[in-house]
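Novice: Sequence and predicted structure, then a few things I'm wondering about:
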Amino acid sequence: MTIAFDEMKEPDGRPRPAYAELSAWLGGVAPDVLAYRRQEAELLFRRIGITFSVYGETEAEERLIPFDVIPRILSAAEWDLVHRGLEQRVKAINLYLKDIYTGREILKAGIIPDDMVFQNPVFRPEMNGQKVPHDIYVHIAGIDIVRVDAESFYVLEDNARTPSGVSYMLENREIMLRLFPELFSRHRVAPVENYPDELLATLKSVAPDTTSADPNVVLLTPGVFNSAYYEHSFLADKLGVELVEGRDLFIKDEVVYMRTTEGPKRVDVIYRRIDDDFLDPLTFRPDSALGVPGLMSAYQAGNVTLANAVGTGISDDKAIYSYMPQIVKFYLDQEPILKNVPTWCCRESDHLSYVSDHLSELVVKEVHGSGGYGMLIGPAASSAQIAEFRAKIKTHPKNFIAQPTLALSTCPTCVDSGIAPRHVDLRPFVLTGRDRVRIVPGGLTRVALKAGSLVVNSSQGGGTKDTWVLDR
Amino acid sequence: MLSRTADSLYWIARHVERAEYLARILDGTMRLTNLPLAYVGTSNEWKSAIATAGNTKLFEDNYPEANEETVIHFLALSTENPSSIRNCFETARANARAVRTALTAEMWETINTAWIELQRFSNDPGTREEITRFLRWVQETSLRFDGSAYRTMLRNDSYWFTRLGLYLERADNTARILDVKYHLLLPRLEPVGGSLDYFQWAAILRSVSALTAYHWVYRESVKPWLVADLLILNDQMPRSLANCYENLVRYLDEIAGMYGRQGPAQRQARAIYNRLEASRMEEIFQHGLHEFINEFIADNSSLGAAISQQYLM
């Protein structure tokens, strides 16, 4: 395997310019100071109650995501590249979604096979011909990016449904400001604290035309048992909007209302953190107790905006992912700024046989999986696991894609033995409103805490870092 | 605000208040049972503590007898008793989590920290010293929670709904103590002083945090009818029924003012308050203290239902 790109150090061991101050500081700081700050950070997180739940575990209902106190740094030039790439990609995604649910030019042009869209469970026929306010489908996107060398940033995944993690981006910064004021004073770090304001401006900008001057925005959560509940309540608080559950809302004459102590109040924009399947038991899963009966009728009547729109899964699906470079070209007539990881779709027979023969070198993912579940990391897998996956992809080739194992870049990280490089990724959050695209500089850096591990998901033992974008 | 949010705020305050009350009951009972029998008589104080908490049936179904160990376990630590101190904190925290955005950071941290610390207390009551420390901690938590609400919340409907929960629960608790101990408070024909009941009266006062207040108000030794007067009619006394209702009327009016509409809850609260204001202790004794308290408990819970009906669902 190729040697991973070390974000702090040049191959000769000298620090890269953006990391010069941090590297000098790390060289001078006593190990017990770092250890002490680590403990302090954990205590703060626990006190504030920033926890997540892991599905399938009853023991630890609420766990902390490990936080690493060493920041990950991007120079202004690096961020500029990423920023432009993100804006381009999300613009293309929105144009693509509008096309898929209306004219379908991209299918007519033969760029994406029809059945990949129409036979895909995340395609929502309910959205056919449906107009959404201001033609925006994905208002909030969390694009996962990895870096492999000085110039190359790859998109690993487009999260265009209900991406989470932004609360960690914000809290990580707050904790760092509290614990390391002296380190901040040596840098000029672009702020992220305005994210909630940007989000609210975005959500208000996409209210239906029929609503009053000051639209009523709410955040819809599945409730306290959802693994991201902390984030939902955190964001509602920062936005200054009501955090509602399905039972707080009802539909009358195709208009959404919430039950308040003063009687029913009209709702204009719903930032929903519930999956499509659970939104409305009358349209989607009838057994869902989380949603609001009749919500789709109000949505289809144009009386409420859902952010994100229904049916955006057809843009971030892992099988569609491999077509993203063509999608960018088709709608924007531009070369993609952010690269795509080469992807084999097992649905195509020549790809399938290649994947089957090279499993030990590849990462195999389920098309509809997420959170690092149900994937095979070839180089780290036993021969039994490989044999098991070989059988799986033969039986259901359409359900799997494969990618080469990328040498993800590394950042210095506090581990038991001291400070050591660990692999990281980055999830910036891209907001698309009626007026413009907004991206706060940085995002959530996730780090694989186990030596050599490439899996950064929190459910699989990953941690997070504060992400600093410098002004030069 | 969302009805569900108001409902949670109201119940968080009720549960924290109830936890403090239970801690006070247990504290007072431990003191009484420390005294030689000659000072307190032969009644089972632990049984009386259960009755005061209002949960006799559930207790008897689960424990062979009422003694220090079983009662402390039941009222403080039990996971089976929905109104144990442990479960009060559990429920308050679950509610707080569901409406975090409606709480201030200080309130949330108090309740969350209490919940984390609670995990450290095992199911075993432990030594007297440990249980005493536990009960003190419960009271401190309640004080901190109430104090942070008072100091940090905006004075709007969120705050007022927490006040409604607090005063409704407090009125109910005070009335329950009176209900169990009313026979001790009836005026007697024989001269009092040095009576067997003196320590019982002191224990009642202590369990509503009113022993010092009593002396300031009446400037004489503890007399049963004055204890009753203090806890029912004295509107300076923060746990008296009259004071609780003065506050309930006030906060219901604040809510009605903000929403621009009076309703059944306001009318009921005012009716109960007026009745208390018009009462004199002599009449209450004539009419029957026990009957008076029972009526009050029923009225109080019907006000709770009216508040729910009007705002919380």
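Specialist: Now that the structure is in, tell me what you want to look at.
Novice: and the stretch 101-250 of chain B, which of its residues are near chain A?
Specialist: B:101, B:108-109, B:112-113, B:116, B:157, B:161 (CB under 8 Å from any CB of the partner chain). Heads up, the C-betas are built off the backbone N, CA and C, glycines and all.
Novice: Run through the residues that contact the nearest residue to residue A:462 once chain neighbours are set aside.
Specialist: Counting by CB to CB, 6 or more residues apart in numbering or on different chains, residue A:462 lies nearest to residue A:456, which is 4.1 Å off, once chain neighbours are set aside. By CB atoms under 8 Å, 6 or more residues apart in numbering or on different chains, the contact list for residue A:456 reads A:372, A:423-425, A:446-448, A:462.
Novice: Tell me which two of those residues sit farthest apart.
Specialist: A:372 and A:424 (14.8 Å; CB to CB).
Novice: So for these two, which residue has more residues nearby?
Specialist: The neighbour count for residue A:372 versus residue A:424, taken as other CB atoms under 10 Å in any protein chain shown, is higher for residue A:424 (26 against 16).
Novice: What is the three-state secondary structure of the more buried one?
Specialist: strand (DSSP: H, G, I helix; E, B strand; the rest coil).
Novice: That one contacts residue A:447, correct?
Specialist: Yes: with contacts counted by CB atoms under 8 Å, residue A:424 reaches residue A:447, the gap being 4.8 Å.
Novice: Output the lowest mean pLDDT helix or strand found in chain B.
Specialist: helix B:37-40 (a mean of 66; mean pLDDT, DSSP states H and E).
Novice: Setting aside sequence neighbours, what's the nearest residue to residue A:313?
Specialist: Distance criterion CB to CB, 6+ apart; nearest residue to residue A:313, sequence neighbours excluded, is residue A:122 at 3.0 Å.
Novice: what's the helix or strand for that neighbour?
Specialist: If you go by DSSP states H and E, residue A:122 is not part of any helix or strand.
Novice: for it, what are its contacts?
Specialist: A:276, A:311, A:313-314, A:317, A:368.
Novice: Now tabulate the residues you listed in a markdown table and tack on neighbour count, pLDDT and secondary structure.
Specialist: Output for the contacts of residue A:122, formatted as a markdown table (neighbours: other CB atoms under 10 Å in any protein chain shown; pLDDT from 0 to 100; DSSP: H, G, I helix; E, B strand; the rest coil):
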| residue | neighbour count | pLDDT | secondary structure |
| --- | --- | --- | --- |
| A:276 | 25 | 94 | helix |
| A:311 | 22 | 96 | coil |
| A:313 | 21 | 95 | helix |
| A:314 | 24 | 96 | helix |
| A:317 | 22 | 89 | coil |
| A:368 | 14 | 73 | coil |
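Novice: tell me which of those is nearest to chain B?
Specialist: Lowest distance from chain B to these (CB to the nearest CB) belongs to residue A:276, with 23.9 Å.
Novice: Doesn't residue B:234 belong to a strand?
Specialist: No: counting by three-state DSSP, residue B:234 is not found in a strand; it is coil.
Novice: count of residues packed around it?
Specialist: Residue B:234 has 22 nearby residues by other CB under 10 Å.
Novice: thought it was touching residue B:246?
Specialist: No: counting by CB under 8 Å, residue B:234 does not reach residue B:246; the two are 11.1 Å apart.
Novice: Can you show me the strands along the stretch 151-300 of chain B?
Specialist: For the stretch 151-300 of chain B, no strands are identified by DSSP state E, counting those that start in this stretch.
Novice: Report the closest residue of it relative to chain A.
Specialist: Counting by CB to the nearest CB, the stretch 151-300 of chain B gets nearest chain A through residue B:259, at 4.9 Å.
Novice: got the contact list for that residue?
Specialist: Contacts of residue B:259 by CB under 8 Å, 6+ apart are A:261-262, B:157.
Novice: And for residue A:22?
Specialist: A:8, A:15, A:70-71, A:73, A:183, A:187.
Novice: which SS class is it?
Specialist: helix.
Novice: Relative to chain B, how far out is the residue lying farthest from the centre of chain A?
Specialist: Here chain A reaches farthest from its C-alpha mean at residue A:262, the gap being 37.1 Å by CA atoms, centre = their mean. Note on residue A:262: its distance to chain B, by CB to the nearest CB, to the nearest Å, is 5 Å.
Novice: Residue A:185 too?
Specialist: For residue A:185, the distance to chain B - CB to the nearest CB - is 26 Å.
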